[in-house]
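>>> Okay, predicted coordinates and the sequence, questions at the end:
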Amino acid sequence: MKINFFNFFRKNNNTTSSTKDKAKSDKNNKNHKKQRYKEDDIYLLDDELYRDYPPIGVILLNKNISIDKVEETIFKIVNTSVEFDFKKVGETVSNSIYLLIRGPHKYSGIKRIVVPTSYVVIRKVAQKYKSDNNWVLVVKPINNQTLFAIVKDGEIIYSQLRDISMVSDTYDKIVQTILSVINDARTYYITADINLVSFIQPQREFDSDFIHKLNKLNIKFIIEDIKVNKGDYDDVLTINQQYAYKIKITKPLNNILSRELSKIFKKNISFEQIVASVLIFFTAFAWIYFPLNNALKYMIDQYQTTNQQILADINNINVSKKVFADAVKTFKDKIEIVHVYDKTIQPPPLKKYKQMFSLIEDTQGGTIKSIQFNKEELTIIVEFTNTSLLDNYTKKLLMSGMFESLKPTPRMNKPYQYMITLVLNKKYFQSDKSINTNSNSVAKEGEG
Amino acid sequence: MKKATIYGLITAIILLCFPTMTMIKQYKLYNNLKQQVQQQSNYVQDLQNLKQAKLEYYKAVQSVANKFYTEGRIFTLWQTIQNYFKDSFISFYIENQYDTKGNIKFVVFDLTVAQDPVHFIQTLEKITPLLDIDSISYNSKYNSIKAVLRAPVISDNAGFVITKDLYKTNSYTVAKFVMATKDENLIPKGNYIVLYQKNMYYVGIPLVTHLDSLNAQAVASSYAKKGIITFIVGGE
């Protein structure tokens, strides 16, 4: 694991030469308002706690204050209503506690700055070799990790925290790591050779093999036991507040979002990065999605409309087909009826009826008063002055073969009037077989 | 940033899958329907069937044209009767319903003329298709015959509207033709409507009342298409 633990202290000192570094540093110091802190304003924080719990400041409160009051008091001090975290990190002999505050910065009430202990130690080493004008690699164990820092002209130029233990890892690995750090440093800042390595309280003795390896690489080393005293803060106090710690101006929600996303992606993600990523995501999404989606929607609409039209057409076709089929059936039914008619209907025996009525009207001395005719029988009311004439008349009718029988002929109330009722001979009055097809008057007129 | 772009593109593509699937579905449906419509839109056979059926029907009708009447011919028959009997024509009363015997329909009507039976039948012989005589009542005193005649009918749903010239009035009635007579006394009593036109009384059963002239013509035509002989009377 590589962590640029102190890089934020050196933002403006990333130059290759010490002269440039110094000149730039001086210029920056002029540009930024320097603030001198008293010793009490500095709180040295354990390195690990500093790393795990990036602070924005420390406040000193009475030890006996209740938790509710602590929060209230902090609110008063920071003079803001935004959310923040706090954590007890130390106590003083004078019945006070140090509370580490984490949250949006610019709390006017916070006077103390927080500095990790290692920083002070390395700074002290840097000051020690200030006059040598050499590049020095400082190696400081921090539990199972090791802090590597390159110093020159009394300034910390470059730093890395590596997952290597000075106690348990092999010397080979330590040597390889030293070379790797130097190589990394060259990549970024340092062009000159590093020929001195300062081991701060390495917590193990170096064997001859290790020393031989370092000598082989032409690296001198020194083991140092540097402790932080109160007076050592003095150097720290000259640090511009801007470099003392770096807090981004972010809102609590942004912090939470960044923190949560950082947890997910296991990587530090700033809010700006999130916003940029989201914007790029939506831009890329929008460029592809909306035009294609609209095109697809248009095509779907077109197909749907066309399909509906086709369905309507199919429906119409089916209706038309049914109409056709019905029409064909109707015609066939009609043809059937026509055939039935043709077979069944026989021409009426009008000629025979005419013969019959001619025979009836020829009374030979009688006078017909009325005739009632139907297909069963014929009734004639006739006036005869002589009964023999009546007899002849009825005899003639019966002899004609048109009638089957003569019903009793009653005499009417009027003198000489008789009612003759004859039963028709149905066989005789069967249909006329021949029809006069030439005189189809109604057919012709009807067609017209 | 690259990842955000890729994620954006992938998300867009994934979301585009849904409309794409819908589009594909609609396209498949379109293809199916297109094939279906192509298969079904082959009218040629249907038209030929219909044409053939029509042809056969008209041939059949032609072959028996001199044996039966149609609704259109019933009206012509009445005109023919008028022409043949001329001044001896008195009245023509058509029965409201067809008389059906077996599968055959007959139109039955009463004809009253001033003729003796022999002359009457002689005149009937001139009319074809021939009319059958159900009964004859002859009264020599008035020299009048009232005959019940019948004729076979095949419906052609082509009735007639008798009245061509309408009275100018606001309200018209369409009536089903029942009777035409010159003798007012022969008009039966009942809920009939009478139109007097050119020395003839037309007697009918009211079908639709309170019509304007255009609607009356339309209604009369629609009844005619059902095979009913109608006439239009001004007023209710």
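Structure received.
>>> contacts and neighbour counts: CA atoms only from here.
Noted.
>>> So what does B:L50 have for phi and psi?
Main-chain torsions, B:L50, degrees, to the nearest 10: phi -60, psi -40.
>>> So what's the residue count around it?
20 (other CA atoms under 10 Å in any protein chain shown).
>>> Please apply the same query to B:S63.
Neighbour tally, B:S63, other CA under 10 Å: 13.
>>> repeat for the one 5 residues further on
Burial of B:F68 is recorded as 26 neighbouring residues (other CA under 10 Å).
>>> Next, find the distance separating it from chain A.
8 Å (CA to the nearest CA, to the nearest Å).
>>> On the three-state scheme, the closest residue to that residue other than its chain neighbours is what?
Nearest residue to B:F68, sequence neighbours excluded (CA to CA, 6 or more residues apart in numbering or on different chains): B:P152, at 5.0 Å. Recorded secondary structure, B:P152: strand (DSSP: H, G, I helix; E, B strand; the rest coil).
>>> can you check the one 4 residues further on too?
Following three-state DSSP, we place B:D156 in the coil state.
>>> next one: B:P206
strand.
>>> State the helix or strand in which the residue lying closest to it once chain neighbours are set aside lies.
Distances taken as CA to CA, 6+ apart place B:A175 nearest to B:P206, at 4.1 Å, with adjacent residues excluded. Under the criterion of DSSP states H and E, B:A175 resides in strand B:172-181.
>>> pretty sure A:V423 contacts A:L378?
Yes - with contacts counted by CA atoms under 8 Å, A:V423 reaches A:L378, the gap being 6.4 Å.
>>> circling back: what is the residue nearest to B:P206 paired to in the beta sheet?
B:P206, B:F231 (DSSP bridges).
>>> Tell me how many other residues surround it.
29.
>>> The chain: strands as residue ranges?
Using chain A. Applying DSSP state E to chain A gives strands spanning A:42-45, A:57-62, A:85-91, A:96-102, A:113-116, A:136-142, A:145-152, A:155-162, A:196-200, A:220-224, A:367-374, A:377-383, A:403-406, A:417-424.
>>> sorry, should have said chain B
B:89-94, B:99-101, B:104-113, B:132-139, B:144-153, B:172-181, B:193-197, B:200-211, B:230-234.
>>> With respect to burial, which of the ones you listed scores highest?
By mean neighbour count, with neighbours taken as mean count of other CA atoms under 10 Å in any protein chain shown, strand B:230-234 ranks first of the strands of chain B at a mean of 27.
>>> The helix or strand of chain B with the lowest mean pLDDT: which residues count as buried?
Lowest on mean pLDDT, DSSP states H and E among the helices and strands of chain B sits helix B:43-63, with a mean of 79. The neighbour-count criterion (16 or more other CA atoms under 10 Å in any protein chain shown) identifies B:46, B:49-50, B:53-54, B:56-58, B:60-61 as the buried residues of helix B:43-63.
>>> for stretch A:395-406, same thing?
Per 16+ other CA under 10 Å, stretch A:395-406 contains these buried residues: A:397-398, A:402-404, A:406.
>>> near chain B at all, stretch A:396-408?
No - contact of stretch A:396-408 with chain B (CA under 8 Å from any CA of the partner chain) is absent, the minimum separation being 15.9 Å.
>>> Show residues contacting that stretch.
For stretch A:396-408, contacts defined as CA atoms under 8 Å, 6 or more residues apart in numbering or on different chains pick out A:356, A:359-360, A:420-425, A:428-429.
>>> Now those in CSV, please, with extra columns for pLDDT and distance to A:S118.
CSV is the format used below for the contacts of stretch A:396-408 (pLDDT from 0 to 100; distance: CA to CA, whole Å):
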residue, pLDDT, distance to A:S118
A:M356, 93, 152
A:L359, 92, 157
A:I360, 92, 156
A:I420, 91, 157
A:T421, 92, 154
A:L422, 92, 153
A:V423, 93, 150
A:L424, 92, 149
A:N425, 90, 149
A:Y428, 88, 148
A:F429, 85, 145
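>>> Now the buried members of the residues you listed.
A:356, A:360, A:420-425, A:429.
>>> of all those, which comes closest to A:K343?
Distance to A:K343, by CA to CA, is smallest for A:F429 among those, at 18.9 Å.
>>> how about the closest one, what does it touch?
Neighbours of A:F429 in contact, by CA under 8 Å, 6+ apart: A:349, A:352-353, A:402.
>>> hey, which helix is longest across the chain?
Answering for chain A, as no chain was given. helix A:271-344 (DSSP state H).
>>> if you could check chain B rather than the one you did, that'd help
Longest helix in chain B, counting by DSSP H: helix B:2-40.
>>> Name the residues of that helix that are buried.
Result for helix B:2-40 [16+ other CA under 10 Å]: buried residues B:4-5, B:7-13, B:16, B:19-20, B:23-24, B:26-27, B:30, B:33-34, B:37.
>>> other SSEs contacting it?
Using 3 or more CA pairs under 8 Å, 6 or more residues apart in numbering or on different chains; DSSP states H and E, the elements in contact with helix B:2-40 are helix A:271-344.
>>> mean confidence score for the helix it packs on?
For helix A:271-344, the mean per-residue pLDDT is 85.
>>> ok and that helix relative to strand B:144-153, angle-wise?
130 degrees (axes from the mean of the first three to the mean of the last three CA atoms, to 10 degrees).
>>> what is the orientation angle of helix A:271-344 with helix B:43-63?
Going by the same axes, to 10 degrees, helix A:271-344 makes 20 degrees with helix B:43-63.
>>> what angle sits between helix A:271-344 and strand B:104-113?
60 degrees.
>>> residue ranges with poor pLDDT in the chain?
Chain wasn't specified; assuming chain A. For chain A, applying pLDDT under 70 flags the ranges A:1-63, A:65-72, A:74-115, A:187-192, A:229-270, A:431-448.
>>> Sorry, I should have been clearer: chain B.
Judged by pLDDT under 70, the stretches of chain B that qualify are B:1, B:41, B:157-160, B:163-169, B:235-236.
>>> Closest to chain B out of the buried ones among the contacts of stretch A:396-408?
A:M356 (8.7 Å; CA to the nearest CA).
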